[in-house]
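Colleague: Here's a sequence, model it:
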Amino acid sequence: MVPCPWFPEIADYAKSHPDFDFGLHLTLTSERVYYRWGPVAPAGKVPSLLDNNGYLHHDWTRETHIDPAEAEIELRAQIDRAYAMGVRPTHLDSHQYRLDNTNKDLFEVALRLAHQYKLPFFVTRDWFADFPYLEKTLGPIDVVIDHTITIEPDVFAAATTAPEKWAAFYHKAIRNMQPGVTELGHPPRLRRPRNARRHPRTRHLGRRLAPTRLRLLHQCRLPPTPPRQHIQLITWRQIATGCHTIDC
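Modeller: Numbering: from 1, shown residues only. This is a model prediction of the structure:
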């Protein structure tokens with residue numbers, strides 16, 4: 001998330017680990033209570049994206065008018081800053097799925113930037129039924145994956161006091177994985193986030209959950225799967241270089 005204050009830290013990490021996947025989480029909202037961020041572009045060029053205090057909106061309502069042209073200015077500024085700071089992204093995706101799940105105009109902005117920077121933009125067939133404009137807007141050069149697995153909000157909340165629920169969630173999700181390409185969502189924190197001091201509501205959550213998540217994946221403590229599943233781990237870098245059509 002390029003607009004966030006700690007972006008320089010991950011930019012340095014990305015430069016020292018050039019073979020890793022690094023996606024830019026294109027950001028148009030600032031949803032935290034006290035830990036807020038503003039735009040990368042000059043505020044005067046993106047007024048529809050900002051609240052009365054100059055931060056990106058905490059949330060969008062039906063009354064919130066987001067100008068797609070201003071969204072494109074801001075997102076281009078985010079991508080350009082990432083490149084200027086040495087990050088070489090493997091893909092783009094959208095914070096809170098705002099670019100995918102709001103309207104066709106913002107989705108077109110995301111695709112236009114993806115094409116111009118020659119990067120895949122994360123979109124999955126799972127969303128086509130709820131947002132028909134996605135499939136209609138995609139073209140033959142766009143990469144589309146089949147499924148996504150993201151921790152459910154009730155599990156996330158329950159894990160505050162029972163972090164083992166994370167493992168149970170992932171075990172079940174992997175056992176029930178469907179054929180095709182699936183993105184498994186997994187926040188990568190290990191140490192307590194530096195902004196935890198500013199977030200009493202999330203202080204214990206980050207400290208208790210992150211080690212559990214990483215142990216699960218790093219130690220490959222996954223349930224036995226039938227041989228017919230043939231689960232294979234791949235990267236966005238592989239997807240970008242080996243998959244060039246909507247039917248891949």
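
Colleague: Tell me where this structure has strands.
Modeller: All strands of the chain, identified by DSSP state E, fall at 23-26, 91-94, 147-149, 182-184.

Colleague: shaky segments in this structure?
Modeller: 152-163, 186-229, 243-248 (pLDDT under 70).

Colleague: Break this structure into its domains for me.
Modeller: 1-124, 145-248 (automatic domain parsing).

Colleague: Tabulate the ones you listed (a markdown table), appending distance to Lys136 and mean neighbour count.
Modeller: For glycine as for every other residue, the C-beta is placed from the backbone atoms N, C-alpha and C. As requested, those are exported to a markdown table (distance: least, CB to CB, whole Å; neighbours: other CB atoms under 10 Å):
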| stretch | distance to Lys136 | mean neighbour count |
| --- | --- | --- |
| domain 1-124 | 8 | 17 |
| domain 145-248 | 12 | 14 |
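
Colleague: Save those as TSV, and put in distance to Leu134 too.
Modeller: Listed next are the domains of the chain as TSV, based on distance: least, CB to CB, whole Å:
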stretch	distance to Leu134
domain 1-124	6
domain 145-248	11
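
Colleague: Compare those domains and give me the one nearest Tyr133.
Modeller: domain 1-124 (4.0 Å; CB to CB).

Colleague: Just the terminal-to-terminal distance for that closest one.
Modeller: With CA to CA, to the nearest Å as the measure, domain 1-124 spans 21 Å from end to end.

Colleague: just stretch 86-96 next, same as before
Modeller: Counting by CA to CA, you get 25 Å between the two ends of stretch 86-96.
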